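Enquirer: Build the 3D model from these lines:
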Amino acid sequence: MTDLVILKGIKWLLDAHTFPFDEYVVEYGNEDSNDHDITASKEGKKFSGEAFNVAPSFFQGKKASMLKKLRSAEKPVDYKVIVANSDAIGANYAPKVRKGEYFVFVDVESGEAELMPNKVNKGSSH
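Expert: Sure, this is the predicted structure:
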């Protein structure tokens, strides 16, 4: 199911022009050749993302682990993004994020997604 979260999430990112990238490099399944599940770069801006599909009861633990991984990157990244299944969170969920961090919650059936926080500063720097 994580692969569906990645596929539908990337399609939504591209369709919505959420971040300033024309393409994303993704790593599916159990591949482990890249530092992150999703990467992109353009005109000096960098994107790193982690994706997962998890039951609501495991969301907080998985989120904490993925944020730690994104925050520990050796090189500066402009956009650190977690892409996850929307049914892992409650209707009133509001993540606490640092500058340059975002969540994309994907409905794997419809392909609809929600960005949190819902505004991207495309001129942000590390």
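
Enquirer: Where does the prediction get shaky in the chain?
Expert: Along the chain, the parts satisfying pLDDT under 70 run over 29-33, 121-126.

Enquirer: which stretches of it form helices?
Expert: Secondary structure of the chain (DSSP state H): helices located at 2-16, 59-71.

Enquirer: Next, format those as JSON lines and append distance to residue 38.
Expert: Any C-beta I mention is one placed from the backbone N, CA and C, and that applies to glycine too. Below are these laid out as JSON lines (distance: least, Cβ to Cβ, whole Å):
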{"stretch": "helix 2-16", "distance to residue 38": "7"}
{"stretch": "helix 59-71", "distance to residue 38": "11"}
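
Enquirer: for these, which one sits closest to residue 51?
Expert: Among the helices of the chain, the nearest to residue 51 by Cβ to Cβ is helix 2-16 (4.7 Å).

Enquirer: before we move on, back to that, any idea which of the helices of the chain is most buried?
Expert: Most buried of the helices of the chain by mean neighbour count (mean count of other Cβ atoms under 10 Å) is helix 2-16; its value is a mean of 18.
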